[in-house]
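*Asks:* sharing a model that was predicted from the sequence below.
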Amino acid sequence: MQRRSDSPPVEARWSSVDDYVTGLLAPHDAALEAALSAGSAAGLPAIQVSPPQGKLLQLLARSIGASAILEFGTLGAYSTIWLAKALPEGRRLITLESNPAYAEVAQENIVRAGLDEVVDLRVGPALDVLPELHAEGAGPFDLTFIDADKESSPAYFDWALDHSRPGALIIADNVVRDGSLADPESDDPKVLAQRRLHEMIAAEERVSATTIQTVGGKGYDGFTLALVGQP
Ligand code: SAH
Ligand code: DHB
Ligand code: MG
């Protein structure tokens with residue numbers, strides 16, 4: 001399609017489309033709106049998933065009938081709220097956050113959303129909390145959303161795979177990183193980790209996966225989606 005020379009820069013159009021889709025298909029309810037306002041008032045970085053992405057996570061959780069969800073990286077619980085609302089009565093979401101100040105904001109947002117019986121927020125570096133979860137017999141999980149420190153995504157994927165039921169989804173955010181994913185010369189530890197994640201998944205017979213590039217209000221990035229237990 002011909003781009004009109006007077007049309008806005010491409011990034012502005014990505015954001016406009018996100019806003020358009022959000023308005024019609026992924027509008028905020030009061031809980032999501034309050035979570036974002038509280039996060040921004042508390043100075044949290046605005047790095048949560050976009051509304052269309054939050055809605056996608058919710059639809060994926062609903063479409064597989066997820067009843068146990070694990071999330072790495074809570075921030076202010078924005079993605080947490082999208083996901084928790086996909087759960088049927090009595091089911092749980094465990095979310096892991098290393099920053100105590102963020103976790104405090106997140107817990108307030110979870111309570112305000114009426115989800116404190118659903119969401120179990122654990123504070124501490126995920127790699128320290130995972131052995132505790134294992135010892136408690138947590139899981140198996142139906143959906144895992146990996147969205148914490150990007151260097152550790154391969155380790156989180158590994159743990160999630162060992163704690164997933166057949167038919168589960170494991171979704172990793174921020175894998176494309178402005179296209180750096182395909183740059184074999186990159187020495188950015190976050191990029192190297194996403195390349196390692198892809199190589200791990202390629203060699204892993206327990207999952208079938210793909211990566212989808214995304215543009216939108218958060219720029220150019222993408223996510224990996226892996227289905228457990230199907231060739
Ligand atoms: N999933 C959120 C955004 C998460 S941002 C949303 O879309 O709404 C990434 C979060 O991971 C930050 O809050 C950061 O503090 C947290 N984080 C960073 N390192 C971590 C670690 N080692 N363990 C757990 N959380 C970590
Ligand atoms: C960052 C983290 C995210 O999870 C994200 O989606 C975008 C940016 C960050 O740490 O900058
Ligand atoms: Mg992210």
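*Replies:* Thanks, I have the structure now. Numbers count the residues shown, from 1 in each chain. Ligands and ions are numbered 1, 2, ... in the order given.
*Asks:* only C-alpha atoms from now on, for both contacts and neighbour counts.
*Replies:* OK.
*Asks:* and the residue of the protein nearest ligand 2?
*Replies:* residue 47 (4.5 Å; Cα to the nearest ligand atom).
*Asks:* just give the closest residue to that residue, not the sequence neighbours.
*Replies:* residue 218 (7.9 Å; Cα to Cα, 6 or more residues apart in numbering).
*Asks:* look up how far residue 16 lies from the one you found.
*Replies:* To residue 16, residue 218 is 12 Å away according to Cα to Cα, to the nearest Å.
*Asks:* so the residue nearest to residue 47 touches residue 48, yeah?
*Replies:* No - counting by Cα atoms under 8 Å, residue 218 sits too far from residue 48 to count as a contact (9.0 Å).
*Asks:* neighbour count: these two, which is higher?
*Replies:* residue 48 (21 against 16; other Cα atoms under 10 Å).
*Asks:* please list all residues in contact with the residue nearest to residue 47.
*Replies:* Contacts for residue 218 (Cα atoms under 8 Å, 6 or more residues apart in numbering) come out as 15, 47, 50.
*Asks:* who's in contact with the first one?
*Replies:* When the contact criterion is Cα under 8 Å, 6+ apart, the partners of residue 15 are 216-218.
*Asks:* strands of the protein, start to end?
*Replies:* 68-72, 92-97, 119-123, 141-146, 164-172, 207-216, 219-228 (DSSP state E).
*Asks:* partner strands of the fifth one and their direction?
*Replies:* Think strand 164-172. Strand pairing for strand 164-172, determined by DSSP bridges: strand 141-146 (parallel), strand 219-228 (antiparallel).
*Asks:* how about these in JSON lines, adding mean neighbour count?
*Replies:* Shown next, in JSON lines, are the strands paired with strand 164-172 (neighbours: other Cα atoms under 10 Å):
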{"stretch": "strand 141-146", "mean neighbour count": "26"}
{"stretch": "strand 219-228", "mean neighbour count": "20"}
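*Asks:* tell me the pLDDT of the residue nearest to residue 47.
*Replies:* For residue 218, the pLDDT comes out at 94.
*Asks:* next one: residue 230
*Replies:* Note for residue 230: predicted pLDDT of 56.
*Asks:* now tabulate the contacts of residue 218 in TSV and tack on pLDDT and distance to ligand 3.
*Replies:* As requested, those are exported to TSV (pLDDT from 0 to 100; distance: Cα to the ion, whole Å):
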residue	pLDDT	distance to ligand 3
15	97	17
47	98	6
50	98	9
